[in-house]
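Student: Below is the structure, and that's it, no one-letter string:
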């Protein structure tokens with residue numbers, strides 16, 4: 001039986017990507033919490049239409065779920081779990097779906113939505129083939 005590979009080299013790139021998403025979703029969660037905590041923003045949130053409030057709460061829940069899934073993936077990465085490659089690919093596809101949703105439906109400028117979509121698409125295009133085909137990935141992520 002061969003010795004398992006250590007985390008290193010190109011395998012740090014997925015970790016950095018996960019850490020950046022965890023950081024950005026953490027910042028979004030801080031903004032959501034501040035919206036609820038500060039009286040003036042809370043009153044503005046409650047004064048808006050019910051449709052806006054529902055969208056806001058869906059965005060909040062989505063951000064919480066993304067944060068939790070990303071954190072869990074980082075734990076799997078650190079443990080070198082064999083579940084990491086499959087869940088990382090699922091996570092990349094979810095990020096791509098969220099970027100497409102933002103591009104199609106969010107009230108942000110097209111330039112911002114396209115930049116977000118491009119970064120997510122580039123990440124998926126680079127990481128999915130690497131995770132699926134790399135021998136190093138197969139030798140590294142072997143723990144239960």
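Tutor: Received, thanks. What you are looking at is a predicted structure, and each value in this text was computed from that prediction instead of being measured. Numbering: from 1, shown residues only.
Student: wait, what's in contact with residue 59?
Tutor: For residue 59, the residues meeting the contact criterion (C-beta atoms under 8 Å, 6 or more residues apart in numbering) are residue 32. All C-beta atoms are positioned from the backbone trio N, CA, C, and that covers glycine.
Student: Can you tell me the centre-most residue of the chain?
Tutor: For the chain, the residue lying nearest the average C-alpha position, counting by C-alpha atoms, centre = their mean, turns out to be residue 21 (4.9 Å).
Student: average pLDDT for the longest helix belonging to the chain?
Tutor: Of all the segments assigned as helix in the chain under DSSP state H, the longest by residue count is helix 50-79. The average of the pLDDT scores along helix 50-79 is 91.
Student: what does stretch 132-144 give?
Tutor: Stretch 132-144 carries an average pLDDT of 87.
Student: before we move on, back to that, give me the buried positions along the helix or strand following the longest helix of the chain.
Tutor: Proceeding N to C from helix 50-79, the next assigned helix or strand is helix 84-105, under DSSP states H and E. Judged by neighbour count (16 or more other C-beta atoms under 10 Å), helix 84-105 contains these buried residues: 84-85, 88, 91-92, 94-96, 98-99, 102-103.
Student: Distance of residue 21 relative to residue 40?
Tutor: If you measure residue 21 against residue 40 using C-beta to C-beta, to the nearest Å, the figure is 30 Å.
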